[in-house]
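Engineer: I need the structure of the sequence given here:
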Amino acid sequence: MEIDLNRKVALVTASSKGIGFGVAKVFSMCNANVILLSRSEKNLEEATKKIWQETGKSRAMLLQI
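Structural biologist: Numbering: from 1, shown residues only. Model (predicted):
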């Protein structure tokens, strides 16, 4: 089953590693515009780069809650 999330936006919190990273990656693979949110700027940059390399799209925002 393939899901097309074209023209949808997904905000994924805690997305620099673990389950959040996996969710962000899957959303990106399903053509969603993914915005990664994290408290760690370094981890966020690495996660965004990995997803960008695999899917060609992702954006990052540093989030302090």
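Engineer: only C-alpha atoms for contact and neighbour calcs from this point on.
Structural biologist: Fine.
Engineer: Name the single longest helix found in this structure.
Structural biologist: Using DSSP state H, we find that the single longest helix of the chain is helix 41-55.
Engineer: Do you have the strands of this protein handy? List them.
Structural biologist: Counting by DSSP state E, the chain has strands at residues 9-12, 33-38, 59-62.
Engineer: leaving aside the residues next to it on the chain, what's closest to Ser15?
Structural biologist: Spatially, and ignoring its direct neighbours in sequence, Ser15 is nearest to Phe21 (4.3 Å; CA to CA, 6 or more residues apart in numbering).
Engineer: most neighbours per residue, which of the strands of the chain?
Structural biologist: strand 33-38 (a mean of 23; mean count of other CA atoms under 10 Å).
Engineer: Tell me which of the strands of the chain sits nearest to Glu46.
Structural biologist: strand 59-62 (10.0 Å; CA to CA).
Engineer: Let me see the mean pLDDT of that closest one.
Structural biologist: Per-residue pLDDT over strand 59-62 has a mean of 69.
Engineer: Equivalent analysis for stretch 7-26, please.
Structural biologist: pLDDT averaged over stretch 7-26 gives 92.
Engineer: can you give me the end-to-end distance of that stretch?
Structural biologist: This stretch, stretch 7-26, spans 15 Å end to end (CA to CA, to the nearest Å).
Engineer: And for stretch 28-38?
Structural biologist: Stretch 28-38: ends 17 Å apart by CA to CA.
Engineer: again, but for stretch 5-14
Structural biologist: Start-to-end, stretch 5-14 (CA to CA) is 21 Å.
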